[in-house]
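*Asks:* Can you look at this prediction? I've put the sequence above it.
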Amino acid sequence: DTPTVSVLMGQGSGGPALAMVPADRVLAAANGWLAPLPPEGASAIVYRDTAHAAELAAAQGVRSTDLVRAGIADAIVPEHPDAADEPRAFTERLSTAIAGELAHLRTVPAEQRLRTRLDRYRRIGL
């Protein structure tokens, strides 16, 4: 019944990373990505090298923009150019985004929020 917001930052792959997705809202850092298998691993399997990782990342749809397009993430938190280069400013933007999402979620009745959450995850991968 609790409103939840998940944040995808950096490189995320495998079960622990995918466990970040079941939330009411999912935010992604601009340079973040999420995949069941890292693009380098997919490249090693398909091409027997890691040189094709960028190509497979695009094909897998793992980048933050891909995740928003697929309905897995809801919004992207900008990085200028990378959160590591501007940690304080990025943290402020991220905090503001999280607070905004939680404020909105608190206005949604629990039943509706749960129904929306379940509907969202039933659509993933379709």
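*Replies:* It's in.
*Asks:* For stretch 16-36, what is the distance to the chain centroid?
*Replies:* Centre-to-centre, stretch 16-36 and its host chain are 3 Å apart (Cα atoms, centre = their mean, to the nearest Å).
*Asks:* Kindly provide the whole-number mean pLDDT of that stretch.
*Replies:* What stretch 16-36 shows for mean pLDDT is 86.
*Asks:* Same question for stretch 74-91.
*Replies:* 95.
*Asks:* which residues touch it?
*Replies:* 7, 9, 25-31, 64-65, 68, 93-94, 97, 101 (Cβ atoms under 8 Å, 6 or more residues apart in numbering). (Each C-beta comes from the backbone N, C-alpha and C, glycine too.)
*Asks:* again, only this time at 10 Å
*Replies:* Residues from elsewhere that reach stretch 74-91, judged by Cβ atoms under 10 Å, 6 or more residues apart in numbering: 5-10, 23-32, 63-65, 67-68, 92-98, 100-101, 120.
*Asks:* so who does the closest residue to residue 9 other than its chain neighbours touch?
*Replies:* Excluding the flanking residues, the one nearest residue 9 by Cβ to Cβ, 6 or more residues apart in numbering is residue 29, at 4.5 Å. Taking Cβ under 10 Å, 6+ apart, we find residue 29 in contact with 7-10, 64, 73, 76-79, 82-83, 90, 93-94.
*Asks:* again, only using 8 Å
*Replies:* Counting by Cβ under 8 Å, 6+ apart, the residues that residue 29 touches are 7, 8, 9, 10, 64, 76, 77, 79, 83, 90, 94.
*Asks:* No more questions from me, cheers.
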